[in-house]
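Visitor: no letters, just coordinates:
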């Protein structure tokens with residue numbers, strides 16, 4: 001019963017994606033999503049602010065984060081689905 005009450009209490013708490021992004025994405029994609037880091041430049045990562053990325057659906061972005069793509073690793077084993085959804089919303093804030 002207590003677990004149900006705790007779940008109900010915290011169910012509407014939004015996930016802060018900033019530290020998740022910093023820990024998992026920032027090294028390559030940079031704090032601003034530009035990809036302008038030494039690692040990002042070397043790997044030729046996508047600019048998350050670009051129209052090409054921003055036009056992708058939320059489901060497409062979530063799939064790339066979860067399953068990886070080309071040199072980008074998959075994060076489905078490391079991040080919960082809710083964390084991946086929070087990252088998608090965070091990436092939307094980078095829109096040019």
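Guide: Perfect, I can see it now. What you see is a predicted model; the values in this text were computed from it and never measured.
Visitor: these two touch, right, residue 84 and residue 59?
Guide: No. With contact defined as Cβ atoms under 8 Å, residue 84 does not count as touching residue 59 (10.8 Å). From N, CA and C alone the C-beta is placed, and that goes for glycine too.
Visitor: so these two - more neighbours on which side?
Guide: residue 84 (21 against 9; other Cβ atoms under 10 Å).
Visitor: and the most centrally placed residue in the chain, which helix or strand is it part of?
Guide: Taking Cα atoms, centre = their mean, the centroid of the chain lies closest to residue 87, which sits 3.0 Å from it. For residue 87, the host element (DSSP states H and E) is helix 81-92.
Visitor: in that helix, what counts as buried?
Guide: Burial within helix 81-92, assessed by neighbour count using 16 or more other Cβ atoms under 10 Å, is assigned to 83, 84, 85, 86, 87, 88, 90, 91.
Visitor: so what does that helix touch, helix or strand wise?
Guide: helix 17-24, helix 58-67 (3 or more Cβ pairs under 8 Å, 6 or more residues apart in numbering; DSSP states H and E).
Visitor: distance of residue 58 relative to residue 86?
Guide: 11 Å (Cβ to Cβ, to the nearest Å).
Visitor: same check on residue 36?
Guide: Taken as Cβ to Cβ, the span from residue 36 to residue 86 is 23 Å.
Visitor: that older thread, give the contact list for the residue nearest to the centre of the chain.
Guide: Residues in contact with residue 87 (Cβ atoms under 8 Å, 6 or more residues apart in numbering) are 17, 20, 21, 24, 25, 65, 79.
Visitor: please apply the same query to residue 36.
Guide: If you count contacts by Cβ under 8 Å, 6+ apart, residue 36 has them with residue 30.
Visitor: likewise for residue 82?
Guide: residue 15.
Visitor: same thing with the one 10 residues further on?
Guide: Taking Cβ under 8 Å, 6+ apart, we find residue 92 in contact with residue 54.
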